[in-house]
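Q: What follows is a predicted protein model with its sequence.
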Amino acid sequence: MNKLVDIVMPISMYIISISTFMIALAVISEVSASEIEIHGLSHHTNSGDFDFNETNLGLGYNHNIHKNVDLSVGGFINSYDDTSFYLGFTPKYDFCSGSVRCEVGAIAGLVTGYDNEFTDASSVQPLILPQFVIGTDRLNLKMRYIPSIEGNINVFTFSIGVGL
């Protein structure tokens, strides 16, 4: 039972802290654009015999805090079938005009749920993922790139953004 409490309490505090921060941000932010992100798929190149999970279901929330910067938070089932949570900022540049979004950017922040040879699996690690977004403010497709992990394995992730 003690082990369960040790796992549940940090996750609960993390969720409460992030939720409080997001509510406060929504109240004070002058820019009110936000979206729900539905995490879905990934593709691992050169994975050999290792069977990565390529159905990475989860939810995220992106809140525009400046014209070209989003605050991003969410959770998903990662490629090792573990639960991951992330928090980060996403600077972006839209090179299309009108109602079409063609953005390049990167999410930079922190992520949990990945083993680290120096710490335990619950460690928090840095996250930097280049991304490309195409669509509209109401519906868009996001593709992110994770450069080479475990040798020569590159990962592409795909998710859908739904404007609120």
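A: Perfect, thanks for sending it. Numbering: from 1, shown residues only.

Q: any residues touching the helix or strand where T157 lies, and which ones?
A: Using DSSP states H and E, T157 maps to strand 153-163. Contacts with strand 153-163, where a contact means Cβ atoms under 8 Å, 6 or more residues apart in numbering, come from 33-47, 56, 60, 62, 79, 129, 133, 135-149. Where C-beta positions appear, they are placed from N, C-alpha and C, glycine not excepted.

Q: mind listing the helices for this structure?
A: Secondary structure of the chain (DSSP state H): helices at 2-28.

Q: List the residue ranges of it that fall below the pLDDT cut-off.
A: Along the chain, segments meeting pLDDT under 70 span 1-32, 116-122, 149-151.

Q: quick revisit: of the contacts of strand 153-163, which count as buried by neighbour count?
A: 34-35, 37-40, 42, 44, 47, 56, 60, 62, 79, 129, 133, 135, 140, 142, 144, 146 (16 or more other Cβ atoms under 10 Å).

Q: What residues does P130 make contact with?
A: By Cβ under 8 Å, 6+ apart, the residues touching P130 are 104-106, 144-145.

Q: Against F156, how distant is it?
A: To F156, P130 is 11 Å away according to Cβ to Cβ, to the nearest Å.

Q: returning to what we had before: any chance of the contacts of P130 in CSV with distance to D51 as columns?
A: Below are the contacts of P130 laid out as CSV (distance: Cβ to Cβ, whole Å):
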residue, distance to D51
V104, 32
G105, 31
A106, 28
R144, 21
Y145, 21
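
Q: So which of the residues you listed belong to strands?
A: If you go by DSSP state E, the contacts of P130 have 104-106, 144-145 in strands.

Q: What is the neighbour count of K92?
A: 19 (other Cβ atoms under 10 Å).

Q: Understood, closing this out.
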